[in-house]
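**Q** need a structure here:
(one chain, ligands or ions: 1)
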Amino acid sequence: MTSISPDTALLITAAGLSRRMGGGVKKEFRFIKGKPVLCLCLETFVKTGLFSSVVITMQPEDFEEARFLLNSCPGGKDVVLVPGGGTRQQSVCKGLLYLKKDNPEWVMIHDGARPWVTPDLIHSIYEGMKKYGACVSVVQAHEAMKEMGSGDIINAHLSRTAVLAAQTPQAFRYAEILKAHERAAEEQVSTVDDTDLYHRYIGAVHTVPGDPGNRKITFNHDMENHMRIGFGWDIHRLVPGRPLVIGGVVIPFDKGEEGHSDGDALIHAVIDALLGASCLGDIGTHFPPSDPDLKDISSLVLLRKTAALVRDEGFSLGNIDCTVILEKPKLSPYMQSLKAALAKVLECPAGHISVKAKTREGLDAAGEGRAVEAHAVVLLFK
Ligand code: MG
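**A** Numbering: from 1, shown residues only. All right, here's what the predicted structure looks like:
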């Protein structure tokens, strides 16, 4: 049994731009089984009790969302976010420099996009690090490995036992890996990973058998089994004597939605999209107009209940995109507040919710000002 050490820092790298995933939600912020990838990673390390401090390198524009996600994750509130650099090597270097004030004896470096790291693997690398000063886990490559010559010609056929793939965590004596990074920065040397740096400037890196399950999320297909899409639509008549409620915000106007509830067409479309994505039926099944308790109820209450149903099924929200079709009044002054109202109820960052407004150019019921219509699509992760 490994004793708890107060002298090992954890450095998680999450400063990449997820280019190979085609942009969109950063891979560390995507959800697997209801948890953000970054939190899955962190949780496994924190539970081992081996780490005195945690630093995550990240681009500053992602800090706000990271903080939001980390707040609901064990140990997340104690994490320090450090601005990353232009390359992984530069980001790690910045993280190591930040740790200088704590001067830990050891540091373990891990990719934020490897959420399937296990406690056993962490312990095994930890033991190797303490014994040898530097340790990494390695696995056999799935494919036959080739060294390329000029153009598209193979130069050498590499032995499967001699060529292995290095994973993370990679663990080192802190002062040594910092020194290697500082020297590489001075000499403007770029390397494959931290073991390459250590080997170049300090010495031998020992290995332990890796875990093939500890893979790195790189492409969309690494996650696509966990995505679900849903669509919702709604329309309500506009009549005098009723408040106009859109996305939970009351908008001053001389007409409002007719309906058993408050008639908030936007929220109803979002509810149907959420229920659709999780195959849980539709709004009428869960909130029938025949239910007297729902008379004039705020649709935000219905949305909160729907979000809980969807969460109970193990889904978490990726993003929502909506369009409201309304001839009058203009919605632009209310957009920020209605997006914030939705985000609050759905317990997600406001940046995950998009609401657009259109008119129907005078055509049909919405165009003639007799109705408000809304469309929504949602992406869920499981
Ligand atoms: Mg409705």
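
**Q** Relative to the whole chain's centre, how far out is the helix or strand of the chain with the lowest mean pLDDT?
**A** Here the helix or strand of the chain ranked lowest by mean pLDDT, DSSP states H and E is strand 31-32, holding a mean of 77. Averaging C-alpha positions (CA atoms, centre = their mean, to the nearest Å) puts strand 31-32 7 Å from its chain's average.

**Q** quick one: low-confidence parts of this protein?
**A** Along the chain, the model assigns pLDDT under 70 to residues 1-6, 18-25, 33-34, 220-221, 223-225.

**Q** Could you list the residues in contact with the helix or strand where Gln90 lies?
**A** Element membership of Gln90, judged by DSSP states H and E, is helix 88-98. With contact meaning CB atoms under 8 Å, 6 or more residues apart in numbering, helix 88-98 is reached by 11, 13, 15-16, 55-57, 80, 82-85, 107, 109, 174, 177-178, 181-182, 184-185, 190-191, 193-194, 197. Bear in mind the C-beta positions are built from the backbone N, C-alpha and C, glycine included.

**Q** what's the following helix or strand after it?
**A** Heading C-terminal from helix 88-98 (DSSP H and E), you reach strand 106-111.

**Q** Show me what the helix or strand that that next one is followed by is packed against.
**A** On the C-terminal side of strand 106-111, the closest following helix or strand by DSSP H and E is helix 119-132. In terms of contacts (3 or more CB pairs under 8 Å, 6 or more residues apart in numbering; DSSP states H and E), helix 119-132 is packed against helix 37-48, strand 106-111, strand 134-140, strand 164-173, strand 206-209.

**Q** before we move on, back to that, keeping just the C-alphas, turn the helix holding Gln90 into CSV.
**A** What follows is helix 88-98, C-alpha atoms only, in CSV (Å, rounded to 0.1, in the frame of the first residue of the first chain):
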residue,chain,number,x,y,z
ARG,A,88,1.9,21.2,-25.4
GLN,A,89,5.5,21.5,-24.5
GLN,A,90,5.2,25.3,-23.7
SER,A,91,2.0,24.6,-21.8
VAL,A,92,3.7,22.0,-19.6
CYS,A,93,6.6,24.4,-19.0
LYS,A,94,4.2,27.1,-17.9
GLY,A,95,2.5,24.7,-15.5
LEU,A,96,5.8,23.6,-14.1
LEU,A,97,6.9,27.2,-13.6
TYR,A,98,3.7,27.9,-11.7
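
**Q** tell me the angle that helix makes with strand 164-173.
**A** 20 degrees (axes from the mean of the first three to the mean of the last three CA atoms, to 10 degrees).

**Q** Next, the angle from helix 88-98 to strand 106-111.
**A** Going by the same axes, to 10 degrees, helix 88-98 makes 150 degrees with strand 106-111.

**Q** Please identify the buried residues of helix 88-98?
**A** Buried residues in helix 88-98, defined by neighbour count with 16 or more other CB atoms under 10 Å: Arg88, Gln89, Gln90, Ser91, Val92, Cys93, Lys94, Gly95, Leu96, Tyr98.

**Q** which ones are touching the residue in the stretch 51-200 of the chain that the ion sits nearest to?
**A** Here the residue of the stretch 51-200 of the chain nearest the ion is Phe68; by CB to the ion that distance is 30.0 Å. Applying CB under 8 Å, 6+ apart, we find Phe68 in contact with Pro349.

**Q** so Ser124 touches Val136, yeah?
**A** No - using CB atoms under 8 Å, Ser124 is not in contact with Val136; the gap is 10.7 Å.

**Q** Same drill for these two, tell me which one is more crowded.
**A** Val136 (25 against 19; other CB atoms under 10 Å).

**Q** Measure how far stretch 116-136 is from the centre of its chain, please.
**A** Using CA atoms, centre = their mean, the offset of stretch 116-136 from its chain centre is 26 Å.

**Q** Go through that stretch and flag the buried ones.
**A** With burial defined by 16+ other CB under 10 Å, the residues of stretch 116-136 counted as buried are 116-117, 121-122, 124-126, 128-130, 132-136.

**Q** Go through the residues you listed and name the one nearest Gly247.
**A** Trp116 (37.4 Å; CB to CB).

**Q** tell me the phi and psi of the closest one?
**A** Backbone geometry at Trp116, expressed as degrees, to the nearest 10, gives phi -100, psi 20.

**Q** now swap in His375 and tell me
**A** phi -120, psi 140.

**Q** Ala184 now?
**A** phi -60, psi -40.

**Q** For it, list the residues it contacts.
**A** Per CB under 8 Å, 6+ apart, neighbours of Ala184: Gln89, Cys93, Ser190, Thr191, Leu197, Arg200, Tyr201.

**Q** same question, Glu373
**A** Trp233, Asp234, Ile235, Ala265, Val324, Ile325, Leu326, Arg360, Ala366.

**Q** just checking: which of the residues you listed also lie near the ion?
**A** Asp234 (CB under 5 Å from the ion).

**Q** Is it possible to mark the buried ones in the contacts of Glu373?
**A** Using 16+ other CB under 10 Å as the burial test, the contacts of Glu373 include Asp234, Ile235, Ala265, Val324, Ile325, Leu326, Arg360, Ala366 as buried.
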